[in-house]
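*Asks:* my questions are about this predicted structure, shown below with the sequence.
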Amino acid sequence: MLNPGFQHLVSQLDRAIAQGVHSSDTIRDFLRQALGIVARSTDREETTLAFSQKTVQLLFKSSSQVGREIYVLLLQRLCESSTRVAKEAIEWLLFADDEVNPNSIPTLIITYRRIIQ
């Protein structure tokens, strides 16, 4: 089950993006809070893995360029914090079904950010 604090945080971010509020302060605050939830978790590895799975889902569902960029930044930070998560994320992106294809905008952003190489 996904952490309720993270779910709430994602809801707040989605509302802010929908309202056109996406200042660098808002983005930094979101990333800080999300990573803070991971840091306070009793099982950081599993929490990081769950957050990264949800982040990949959100990334591919987002219709906003700003939203995609934010989710890519979060995924990047999560991958940096855990080699297991980085390995899993690469596998999801490379071996996923039809919704993830190599020419999709989120995949191109991820590649550009060098999360997968």
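*Replies:* Received, thanks.
*Asks:* could you use CA atoms for every contact and neighbour count after this?
*Replies:* Fine.
*Asks:* tell me how far the closest residue to residue 79 other than its chain neighbours lies from residue 77.
*Replies:* Setting aside the residues directly before and after it, residue 79 is nearest to residue 86 in space (Cα to Cα, 6 or more residues apart in numbering), at 4.3 Å. Plainly put, residue 86 is 10 Å away from residue 77 if you go by Cα to Cα, to the nearest Å.
*Asks:* can you give me the helices in this structure?
*Replies:* For the chain, the helices defined by DSSP state H cover 4-18, 24-40, 44-61, 65-81, 83-95, 105-112.
*Asks:* residues touching residue 22, list them.
*Replies:* Neighbour list for residue 22: 16, 66 [criterion: Cα atoms under 8 Å, 6 or more residues apart in numbering].
*Asks:* backbone phi and psi for it, please?
*Replies:* Dihedral pair for residue 22: phi -150, psi 60, per degrees, to the nearest 10.
*Asks:* could you check the pLDDT of it?
*Replies:* What the model reports for residue 22 is a pLDDT of 71.
*Asks:* related to what we said a few turns ago, okay if I get the helices of the chain as CSV plus mean neighbour count?
*Replies:* Below are these laid out as CSV (neighbours: other Cα atoms under 10 Å):
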stretch, mean neighbour count
helix 4-18, 15
helix 24-40, 15
helix 44-61, 19
helix 65-81, 20
helix 83-95, 16
helix 105-112, 17
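*Asks:* rewinding a little: how confident was the prediction at the residue nearest to residue 79?
*Replies:* Here, the pLDDT recorded for residue 86 equals 86.
*Asks:* and if you look at residue 38?
*Replies:* pLDDT, residue 38: 91.
*Asks:* test my guess that it contacts residue 50.
*Replies:* No. Counting by Cα atoms under 8 Å, residue 38 does not reach residue 50; the two are 9.9 Å apart.
*Asks:* how close does residue 46 get to residue 13?
*Replies:* Separation of residue 46 from residue 13 (Cα to Cα): 23 Å.
*Asks:* sorry, slip of the keys, the one I care about is residue 26.
*Replies:* Following Cα to Cα, the distance that separates residue 26 from residue 13 is 8 Å.
*Asks:* now do the shared contacts for these two.
*Replies:* Shared contacts of residue 26 and residue 13 (Cα under 8 Å, 6+ apart): none.
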